[in-house]
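**Student:** Provided below for reference: sequence and predicted model.
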Amino acid sequence: GESVGLHLPTLSVQEGDNSIINCAYSNSASDYFIWYKQESGKGPQFIIDIRSNMDKRQGQRVTVLLNKTVKHLSLQIAATQPGDSAVYFCAEGGTSYGKLTFGQGTILTVHP
Amino acid sequence: DTEVTQTPKHLVMGMTNKKSLKCEQHMGHRAMYWYKQKAKKPPELMFVYSYEKLSINESVPSRFSPECPNSSLLNLHLHALQPEDSALYLCASSQDRGGQARDTQYFGPGTRLTVL
């Protein structure tokens, strides 16, 4: 079946470093992609999204890159802070109303 | 305000109990969702409501019964659950602009359910 997956299940960085979290998707018909951050004991928090007619979108300290040729999505976090430590999920949608397919998640740990 | 609230935060119930989870949003969203999330796993979609009507049921067992009393509220009624139903239950909401499938879903904090 269709799936959204991650290359690295865990990522450890030092405070102040830039972080890159990757995601591969397999449904070429997906046209909407979202990154969520989930801290322990909390619900997923929306970070940034991107439509398939774009290849880059920037937010505050975050950038999402979309490469449709290789079906790859990445989240870049600049100047990573300890508060960025969480599980990060990519999700794809747009092919079926209301349905998001989530990746397995990457655990980001930021060391002071 | 992008807040979705859920009550209770924690719930412990026996297999013969009947309980309900509640979700509320005041963002004017017309699509609401229930997800189930097991530890160290991504959320799994259970139900989708659009304009207070059930539009998607992801083959969820009948011991889970959703209800959407109005555009701001979403309930999940629980009856005769099994221990394997223990999980974090997440509610989400999104706009519904002419049936668009691309509206961002905003999640609540979840209810941590334990079935004994």
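**Tutor:** Looks like it came in fine. Residues are numbered from 1 along each chain as shown, chains lettered A, B, ... in the order given.

**Student:** host element of the spatially most central residue of chain B?
**Tutor:** Central residue of chain B (C-alpha atoms, centre = their mean): residue B:34, 2.6 Å from the mean position. Using DSSP states H and E, residue B:34 falls within strand B:31-37.

**Student:** For residue A:14, list the residues it contacts.
**Tutor:** A:80, A:110, A:111 (C-beta atoms under 8 Å, 6 or more residues apart in numbering or on different chains). The way it works is simple: take the backbone N, C-alpha and C, and place the C-beta from them, glycine included.

**Student:** now do residue A:68
**Tutor:** Each residue near residue A:68 by C-beta under 8 Å, 6+ apart is listed here: A:28, A:52, A:55.

**Student:** give me the subset of these touching chain B.
**Tutor:** Applying C-beta under 8 Å from any C-beta of the partner chain, the subset of the contacts of residue A:68 adjacent to chain B is empty.

**Student:** Let's have those residues in CSV, adding distance to residue A:61.
**Tutor:** Output for these, formatted as CSV (distance: C-beta to C-beta, whole Å):
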residue, distance to residue A:61
A:28, 30
A:52, 24
A:55, 19
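
**Student:** Of those, which is the nearest to chain B?
**Tutor:** Using C-beta to the nearest C-beta, residue A:52 comes nearest to chain B of the contacts of residue A:68, at 9.6 Å.

**Student:** Just give me the neighbour total for the closest one.
**Tutor:** 16 (other C-beta atoms under 10 Å in any protein chain shown).

**Student:** What spatial separation is found between it and residue A:29?
**Tutor:** For residue A:52, the distance to residue A:29 equals 9 Å [C-beta to C-beta, to the nearest Å].

**Student:** where do the contact lists of those two overlap?
**Tutor:** Shared contacts of residue A:52 and residue A:29, counting by C-beta under 8 Å, 6+ apart, come down to residue A:94.

**Student:** Can you name the residues of chain B sitting close to chain A?
**Tutor:** Selection of chain B residues close to chain A by C-beta under 8 Å from any C-beta yields B:2, B:4, B:6, B:31, B:33, B:40-43, B:45, B:48, B:50, B:55-56, B:90, B:92, B:94, B:99-102, B:104-110, B:112.

**Student:** got the residue ranges for the strands in the chain?
**Tutor:** Went with chain A since none was named. A:4-5, A:10-14, A:19-25, A:32-38, A:45-51, A:56-58, A:62-67, A:72-77, A:86-93, A:101-102, A:106-111 (DSSP state E).

**Student:** Oops, wrong one, chain B.
**Tutor:** Going by DSSP E, chain B shows strands at B:4-7, B:10-13, B:18-25, B:31-37, B:44-50, B:53-57, B:64-70, B:73-79, B:87-94, B:106-107, B:111-115.
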